[in-house]
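**Student:** could you look at this predicted model? Sequence included:
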Amino acid sequence: LALGLRSRHFLSPPLVDMDVIVSPQRTRDKVGLPDKYDFLTEDLNAHSVRNRQLEAELGAASDDASPQAAKPQGKHVYLIGQRFDPWEGWTTGGFPVHIR
């Protein structure tokens, strides 16, 4: 039973922590994640009316010489999670597991 549970965790590791990250960055590549966390979803706020209005205003004002930092930016929400790492998570001294 223990060997079956361990092999299952290698193939499909369970989540041990979940969090929400809010970023002004539009793409996931530019969002800084904490160590050992992965994205679980795409942008959850992608279809918000406020984000669409801000993107339209930025597109219309791209010809202006005003700095981009003074303009409001949209909020992009991502669900992130940390998965169980079997190499670091199992601290029992019974390795290897003997099969009878």
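**Tutor:** Yep, it's here. Numbering: from 1, shown residues only.
**Student:** tell me the contacts of Leu15?
**Tutor:** Residues in contact with Leu15 (CB atoms under 8 Å, 6 or more residues apart in numbering) are 40, 81-84. Quick note: C-beta positions are derived from backbone N, CA and C, even for glycine.
**Student:** Asp85 now?
**Tutor:** Under the criterion of CB under 8 Å, 6+ apart, the contact partners of Asp85 comprise 13, 36.
**Student:** tell me the secondary structure at the closest residue to Lys75 other than its chain neighbours.
**Tutor:** Leaving aside its sequence neighbours, Lys75 sits nearest to Val22 (CB to CB, 6 or more residues apart in numbering; 5.4 Å). Per DSSP: H, G, I helix; E, B strand; the rest coil, the local secondary structure of Val22 is strand.
**Student:** circling back: among the contacts of Leu15, which are in helices?
**Tutor:** Among the contacts of Leu15, DSSP state H puts none in helices.
**Student:** I'd like those as CSV, with pLDDT, distance to Thr27 and neighbour count appended.
**Tutor:** Below are the contacts of Leu15 laid out as CSV (pLDDT from 0 to 100; distance: CB to CB, whole Å; neighbours: other CB atoms under 10 Å):
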residue, pLDDT, distance to Thr27, neighbour count
Leu40, 92, 16, 14
Gly81, 93, 19, 16
Gln82, 92, 22, 17
Arg83, 87, 23, 17
Phe84, 82, 28, 15
